[in-house]
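Student: sequence? don't have it. structure:
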């Protein structure tokens, strides 16, 4: 059953209210988030209500820091799909605007959680903050719940056996450090960039390497270089490939681009939405003396990518 996405918190139908919700941004929906989601689902089952997640769009960081470097791990569509796969029934995607930013923690609890959404339970992480100035804490949330009539649970911090913190920040650090496999370990699946295939300069076709080009938008910028990839097409097919992510030192594009060479594939997918997983790091971006040297290295990259993909388990 597909997840129901509800935009906003005002004037909801009675059937859309009363859920047991997890509260947070959930960017990446990593393994640490799953404990909070599990707590919301367990409360929903215990109380006989729907499970839900409260998140915000735009991300509060983007609202307050309009000039910040790109940092997102997911688009809202990817967030909804990941939450649905985790068994969540509803996503309350609340607009983070001037009104939301100005709500005190108590006003948020009363106006949004209690009156707007009518929540039955709120599950949160150990470090949850909410309200103007991020003044709300887990302890404050529990106190507001007792006052306003909803129960609250908070999950502790989760660290892996090798000491890796399960956090969105840790995912970003792994990606920026050219460690996509570490990002995969934290996320529980490979990091993926979703976007529309746009027209490029088509130089790749001249050397037998046609690429599907996707702009990065507000995604965090992984280390620039070459990756082994798996790309999901709109019809559900998954195609192995090799991709350059960056600014192409030979040609110096103004904006970084993801350029994916899909192996054994020759179809027109311009204008279609694809999702490309970064499976393994191959090498950093390099500048070559000419197209012949570039083609020779791309051929080697393809060999290296096929080896890496053969060793990597398939993912959903």
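Tutor: Looks like it came in fine. Because the structure is a prediction, the values reported are computed rather than measured. Numbering: from 1, shown residues only.
Student: ranges for the helices of the stretch 51-200 of the chain?
Tutor: For the stretch 51-200 of the chain, the helices defined by DSSP state H, counting those that start in this stretch cover 60-64, 76-85, 98-102, 105-107, 138-148, 168-176, 180-187.
Student: Please identify the deepest-packed of these.
Tutor: helix 180-187 (a mean of 21; mean count of other CB atoms under 10 Å). The C-beta positions use only the backbone N, C-alpha and C, and glycine is treated the same way.
Student: who touches it?
Tutor: The contact list for helix 180-187 (CB atoms under 8 Å, 6 or more residues apart in numbering) reads 28-32, 73, 160, 164, 166-167, 170-171, 174-175, 190-191, 222, 227, 278-281, 315.
Student: Now find how far off-centre it is within its chain.
Tutor: Centroid displacement of helix 180-187 relative to its chain, using CA atoms, centre = their mean, to the nearest Å, is 13 Å.
Student: ditto for stretch 147-162
Tutor: Chain-centre distance of stretch 147-162: 21 Å, with CA atoms, centre = their mean.
Student: Backbone torsions only: list them for the residue nearest the centre of the chain.
Tutor: Centroid-nearest residue in the chain, with CA atoms, centre = their mean: residue 74, separated by 2.3 Å. Main-chain torsions, residue 74, degrees, to the nearest 10: phi -150, psi 150.
Student: isn't it right next to residue 28, touching?
Tutor: Yes: Residue 74 is within contact range of residue 28, at 6.0 Å (criterion: CB atoms under 8 Å).
Student: The helices of the stretch 51-200 of the chain: lowest mean pLDDT?
Tutor: The weakest mean pLDDT among those belongs to helix 60-64, with a mean of 92.
Student: Output the contacting helices and strands for that helix.
Tutor: Helix 60-64 is packed against helix 98-102, with contacts defined by 3 or more CB pairs under 8 Å, 6 or more residues apart in numbering; DSSP states H and E.
Student: counting contacts, what elements does the helix it packs on pack onto?
Tutor: Secondary elements touching helix 98-102 (3+ CB pairs under 8 Å, 6+ apart): helix 60-64.
Student: Report the secondary structure state of the residue lying closest to residue 16 once chain neighbours are set aside.
Tutor: In space, and not counting its chain neighbours, residue 16 is closest to residue 6: 5.7 Å by CB to CB, 6 or more residues apart in numbering. Recorded secondary structure, residue 6: strand (DSSP: H, G, I helix; E, B strand; the rest coil).
Student: Any idea how many residues pack against residue 6?
Tutor: 19 (other CB atoms under 10 Å).
Student: What score does it have for pLDDT?
Tutor: 98.
Student: looking at it, it is touching residue 92, isn't it?
Tutor: Yes: using CB under 8 Å, residue 6 is in contact with residue 92, at 5.1 Å.
Student: Residue for residue, what is the longest helix the chain has?
Tutor: Secondary structure assigned by DSSP state H gives helix 291-311 as the longest helix of the chain.
Student: helices and strands of this protein: which one has the lowest mean pLDDT?
Tutor: Across the helices and strands of the chain, mean pLDDT, DSSP states H and E gives its lowest value to helix 203-206, namely a mean of 64.
Student: Now the element after it, going C-ward?
Tutor: strand 212-215 (DSSP states H and E).
Student: who does the very next helix or strand once past that following strand pair up with?
Tutor: With elements assigned by DSSP H and E, the helix or strand that comes after strand 212-215 is strand 225-232. Paired strands of strand 225-232, with direction, are strand 238-246 (antiparallel), strand 273-284 (antiparallel) (DSSP bridges).
Student: Deepest-packed of these, please.
Tutor: Burial of these is given as mean neighbour count (mean count of other CB under 10 Å); strand 238-246 ranks first at a mean of 23.
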